[in-house]
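> Build the 3D model from these lines:
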Amino acid sequence: RVEAADVRSVSRTNANGQKVDVFPIHAAFGQMPDGSYEAQWIFCQPEKEYHPYVYPFAVGNDDSLRLYSPAPPAVGQLGSYPWQVVDAVAAGPMLVKNGRDVSLESSLGESYYRTIGGKARHNRTAIGLTDDGKLVIMVVDGRGMNGSVGCTLSELAEFLMELGVVEGVNLDGGGSSAIVNWDGELVNHPSDGGKRPERIERVVPTFVVISEEK
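Predicted coordinates:
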């Protein structure tokens, strides 16, 4: 089920200085009916009741050249197919695909290049999958917290690959990036709380929870 089907496009300024609507294919990470996980490039198709369709890459846009497709990607374009996912979070850009760092090309195609500060070091959050099916969630402190300057998107991809991740997606990072252990304890130092000795979280509307069925 798509919970945010109203988010159909983003506004960008093209190479001619005109404001245009852009329909980017974004990375998403989801759980499949058999309990496995996938990282895919998707677009939720309006003509298919906003069902997510999988594409082989983020086609149609180039954020560095400010060249954007005037129309959404078509159903069936480049062999796209419906994603039969149970639960998923859409984010981006894709960091690792088939064991390779794709962070730069993905940020261009997903239209994140000029908005996410991918080449600068910031607090980051990512989720990934290893070749043997293990789930990896990573939070990198930044902006001086715990002595860390943060990392670029490419560095984040490298960190994931060092842990054996073959498919990985960047989630919403920045000063609210936080990770909590099984006992409900905050284990990193979000920079939104400033440099106080106590660790302070900021209220955010999005979180990923890993639960154990009993």
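
> Assign a three-state SS to M161, would you?
Counting by DSSP: H, G, I helix; E, B strand; the rest coil, the backbone at M161 sits in helix.

> isn't it right next to K97, touching?
No - counting by CB atoms under 8 Å, M161 does not reach K97; the two are 11.0 Å apart. Quick note: C-beta positions are derived from backbone N, CA and C, even for glycine.

> Among the two, which residue is more densely surrounded?
Shown here are M161 and K97; by other CB atoms under 10 Å, K97 has more neighbours (22 against 17).

> need the contact list for the nearest residue to K134 once chain neighbours are set aside.
Leaving aside its chain neighbours, K134 sits nearest to G164 (7.5 Å; criterion: CB to CB, 6 or more residues apart in numbering). Residues near G164 by CB atoms under 8 Å, 6 or more residues apart in numbering: T130, D131, D132, K134, V136.

> same check, this time on V136
Counting by CB under 8 Å, 6+ apart, V136 touches I127, G128, L129, T130, L160, L163, G164, V165, G168.

> If we only consider those residues, which is nearest to S9?
I127 (24.7 Å; CB to CB).

> W83 versus that closest one, what's the distance?
Distance of I127 to W83, given as CB to CB, to the nearest Å: 16 Å.

> all strands in the protein, in order from the N-terminus.
For the chain, the strands defined by DSSP state E cover 10-13, 19-22, 26-31, 37-45, 51-55, 61-62, 67-68, 81-82, 87-91, 94-97, 100-101, 124-130, 135-140, 165-171.

> Any stretches of the chain with poor pLDDT?
For the chain, the stretches with pLDDT under 70 are 1-7, 145, 192-205, 214.

> Name the residue closest to the centre of this structure, please.
Geometric centre of the chain, nearest residue: G92, 2.6 Å, by CA atoms, centre = their mean.

> List the contacts of it.
Listed by CB under 8 Å, 6+ apart, the contact partners of G92 are H26, A27, A28, S106, S107, E110, Y112, V169, N170.
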